[in-house]
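Participant: Pasting the sequence and the predicted coordinates here, then a few questions.
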Amino acid sequence: MARTTRRGGGGAAVRAVQRGAALALPGVGVLGLLLFSLGRAHVWQALGGGLVVAAASVVLGGALGFLFGVPRVRGTGPDGDAHGSYAPNTNLEQVSDWLTKVLLGVGLTQLGSLGERLHQLGSALAPALGGEEGTVPFAAALVLYFLVSGFLAGWLVTRLALPQVLSDADRALDLFLAGQDRDRKGDKVGADDLRVRAMQHLGLLGGSAERADELAGQLPPSTASGPESVVAEVRSTARRSALTAEQVRALFADGSEGRRIQALALMQGDPALADLASVLEAIERPRSGFEQYHALLAARGLLSRLPAAEAQRLREAVAGRLMAPDGIPYGSDRSWLAEKILSRLEVPVLPPQVVLPQQTGPAGAPQQARPEQPAQQGHQEQQEQQA
């Protein structure tokens with residue numbers, strides 16, 4: 001316990017040092033600009049011009065850092081398409097090596113023009129900082145400082161964050177495509193499950209798999225990793241299983257959360273094994289959010305098989321958990337499924353049919369009244385009044 005606490009405290013200290021260093025780098029530059037501006041005759045002009053020059057330098061440096069930090073695809077598949085594994089870009093290392101060779105080949109004597117270029121840059125920016133004595137070297141130093149700072153920030157953020165973002169987007173795209181394939185094959189439950197997982201990868205929906213390690217220990221042994229994969233594997237074997245609906249109902253009534261989730265997975269894979277009472281119990285009184293999510297998936301597969309009375313019971317149960325303060329949280333995978341179930345259970349209200357009265361014709365045959373006659377008579381009466 002002490003070792004864990006010490007390790008967690010060390011991690012917090014490292015993060016605090018990282019945040020302090022990230023704030024100190026631009027802070028020193030802004031503080032120097034502020035002190036420089038206070039010694040000028042036109043304080044606000046020097047401060048405003050310096051901030052604009054610093055911001056432009058940061059943007060330019062950040063753009064260069066982004067170009068050098070964009071990750072490369074680690075490998076391609078047999079079809080030649082890139083797959084979602086990214087490696088750090090080595091452009092910066094190649095350019096560094098190239099610059100080193102150039103410097104060694106040309107010699108240090110050619111570096112004299114660098115000072116002249118910096119002086120020209122400072123002279124061009126000096127009027128924006130007030131144009132007084134000492135402005136030229138300060139303007140050149142300001143550009144160099146924030147250009148390097150922006151480059152480091154852009155490169156580090158791109159190197160550390162962009163590979164994960166690209167990998168998540170690739171994984172979400174694969175899941176969406178797999179969901180469309182399942183939908184075309186008629187597996188609505190599996191398709192919705194894959195769509196939910198894709199939106200979770202993109203951060204659009206919250207997850208329900210809390211206590212993942214504990215749940216994985218209660219589920220049947222499998223080569224899959226994670227409770228979601230185990231449930232998907234059980235679902236795929238439901239139609240080949242020799243279990244009956246009574247045995248699946250007994251499996252759910254066993255009491256343990258793992259058995260209940262296993263039974264719900266079998267109901268998802270084969271609606272003939274489903275039991276509405278068990279599904280409603282898992283929706284209204286779930287042991288966990290993960291169990292409630294898979295109960296909603298099982299209910300999704302039953303929508304086309306339920307008579308009107310049972311559909312009404314399911315609608316009331318789902319709507320009740322959505323409206324309850326301690327029910328389904330908004331923005332989660334369960335709320336997405338619940339809203340989709342309710343939209344499928346809505347009964348369209350047809351407009352009432354208008355039955356026109358019948359009249360008896362000269363031959364005694366019933367004839368429908370013609371509603372246009374009163375309108376025609378009224379039109380004729382209006383013409384006679386005008387005449």
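Facilitator: Sure thing, it's come through.
Participant: Do me a favour and get the end-to-end distance for stretch 264-274?
Facilitator: In stretch 264-274, first residue to last residue: 8 Å (C-alpha to C-alpha, to the nearest Å).
Participant: neighbouring contacts of it?
Facilitator: Stretch 264-274 has contacts (C-beta atoms under 8 Å, 6 or more residues apart in numbering) with 189-190, 231-232, 234-239, 241, 243-245, 248, 251-252, 275, 278-279, 282, 291, 294-295, 297-298, 301-302, 305. (C-beta placed from N, C-alpha, C; glycine too.)
Participant: Check the gap between Val53 and Leu60 for me.
Facilitator: Between Val53 and Leu60 the distance, using C-beta to C-beta, to the nearest Å, works out to 11 Å.
Participant: same thing with Val165?
Facilitator: Counting by C-beta to C-beta - Val165 and Leu60 are separated by 23 Å.
Participant: Now do the helices in the stretch 201-350 of the chain.
Facilitator: For the stretch 201-350 of the chain, applying DSSP state H, counting those that start in this stretch gives helices covering 212-218, 227-236, 245-252, 257-269, 276-284, 289-302, 308-323, 333-345.
Participant: now the ones you listed as CSV including mean pLDDT, mean neighbour count and distance to Ala139?
Facilitator: Below are the helices of the stretch 201-350 of the chain laid out as CSV (pLDDT from 0 to 100; neighbours: other C-beta atoms under 10 Å; distance: least, C-beta to C-beta, whole Å):
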stretch, mean pLDDT, mean neighbour count, distance to Ala139
helix 212-218, 54, 14, 56
helix 227-236, 82, 20, 57
helix 245-252, 90, 17, 75
helix 257-269, 89, 25, 66
helix 276-284, 92, 20, 67
helix 289-302, 90, 25, 58
helix 308-323, 92, 15, 61
helix 333-345, 90, 20, 54
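Participant: Let me have those in CSV, extended by distance to Gly48.
Facilitator: Compiled in CSV, the helices of the stretch 201-350 of the chain are given as follows (distance: least, C-beta to C-beta, whole Å):
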stretch, distance to Gly48
helix 212-218, 53
helix 227-236, 54
helix 245-252, 70
helix 257-269, 62
helix 276-284, 61
helix 289-302, 53
helix 308-323, 53
helix 333-345, 48
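Participant: Quick one: closest of those helices to Ser123.
Facilitator: Nearest to Ser123 among the helices of the stretch 201-350 of the chain is helix 333-345 (60.5 Å), distances taken as C-beta to C-beta.
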